[in-house]
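[1] just coords:
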């Protein structure tokens with residue numbers, strides 16, 4: 001199962017949101033198809049046409065969205081008015097702008113799962129189904145796993161050592177704050193150097209079998225800065241969420257009726273699999289698909305296969321379109 005090929009987008013746009021931002025979106029596939037929105041990871045990621053590969057263009061109307069300050073959204077790397085509630089609000093504004101009565105499917109990966117869950121809890125009446133890959137709910141324990149000394153650092157000690165050694169020892173007690181200070185420096189050289197080290201750690205733990213070619217992204221200063229700056233910005237502000245907010249019983253109760261497919265790499269070093277298990281146990285209409293030979297990346301063969309299969313299965317479903 002190789003995935004789907006889409007032609008050029010039938011629509012592109014920049015939607016004004018807040019007082020500063022215009023978020024970029026593209027639409028692919030069938031104009032009158034079942035609407036699906038693809039929520040990218042990060043924070044600090046972006047979309048491209050390759051993200052449409054999961055969705056049958058004969059059935060789906062595919063919407064790709066670059067979050068505030070990322071990709072082709074304007075202005076680039078703008079931190080003002082850039083918070084988790086802002087991004088959730090943007091999804092709803094886009095739905096209204098595109099005259100979509102209800103999402104047939106919200107598809108999110110990594111940080112995209114955070115936004116998908118938060119949006120669904122805020123607007124459950126507009127969500128038909130969810131496909132979530134690499135669950136991240138922005139809890140303190142999840143952040144500690146990927147950016148603390150007792151999680152992924154124990155599996156990749158040499159890469160963690162390099163990530164730490166970039167900073168003076170007296171600042172290593174709060175790695176995010178120390179990197180964020182450099183990423184928001186007035187000195188461009190300082191910002192780019194810090195961004196590359198931040199992203200090098202991310203890339204080092206992103207897949208079960210690391211693709212060395214992926215590190216070529218570090219040569220792209222614009223990508224490096226946007227990705228690292230946004231991740232650090234959100235993490236430094238605790239994602240504007242209470243700890244375990246998404247997993248609180250009263251919030252999970254709001255989405256108990258929504259069919260959810262969770263796809264999780266067994267050896268995910270970025271988003272600990274424990275969270276996927278906990279989410280699955282709390283949602284009666286969820287199913288959890290473990291990928292036994294995968295880490296975090298959607299590119300890993302087993303994960304990619306199950307994502308395409310799940311989207312095909314959802315494509316033939318008729319979720320209640322009544323509001």
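    Yep, it's here. What you see is a predicted model; the values in this text were computed from it and never measured.

[2] do you know how far residue 111 is from residue 230?
    9 Å (Cβ to Cβ, to the nearest Å). Yep, even glycine has a C-beta here, placed from its N, CA and C like the rest.

[3] any shared contact partners between the two?
    In terms of Cβ atoms under 8 Å, 6 or more residues apart in numbering, residue 111 and residue 230 are both contacted by the residues 42, 43.

[4] can you map out the helices along the stretch 1-150 of the chain?
    Using DSSP state H, counting those that start in this stretch, the helices of the stretch 1-150 of the chain run over 84-97, 111-122, 140-147.

[5] So which of these is the most surrounded?
    Among those, ranked by average contacts under mean count of other Cβ atoms under 10 Å, first place goes to helix 111-122 (a mean of 25).

[6] what's that helix packed up against?
    With contacts defined as 3 or more Cβ pairs under 8 Å, 6 or more residues apart in numbering; DSSP states H and E, helix 111-122 has these neighbours: strand 34-39, helix 84-97, strand 105-109, strand 130-133.

[7] average pLDDT across stretch 282-301?
    Taken as a whole, stretch 282-301 carries a mean pLDDT of 98.

[8] got the end-to-end distance for that stretch?
    For stretch 282-301, the first-to-last residue distance is 28 Å (Cα to Cα, to the nearest Å).

[9] in that stretch, what counts as buried?
    By neighbour count on 16 or more other Cβ atoms under 10 Å, the buried set for stretch 282-301 is 282, 283, 286, 288, 289, 291, 294, 295, 296, 297, 298, 300.

[10] Report the contact partners of the residue nearest to residue 85 when sequence neighbours are not counted.
    Counting by Cβ to Cβ, 6 or more residues apart in numbering, residue 85 lies nearest to residue 240, which is 6.1 Å off, once chain neighbours are set aside. Applying Cβ under 8 Å, 6+ apart, we find residue 240 in contact with 83, 84, 85, 234.

[11] Now do the same contact list for the second one.
    Residue 84 is in contact with 114, 115, 118, 138, 234, 239, 240, 241, counting by Cβ under 8 Å, 6+ apart.

[12] try it again with 6 Å
    Residue 84 makes contacts with 239, 240, as judged by Cβ atoms under 6 Å, 6 or more residues apart in numbering.
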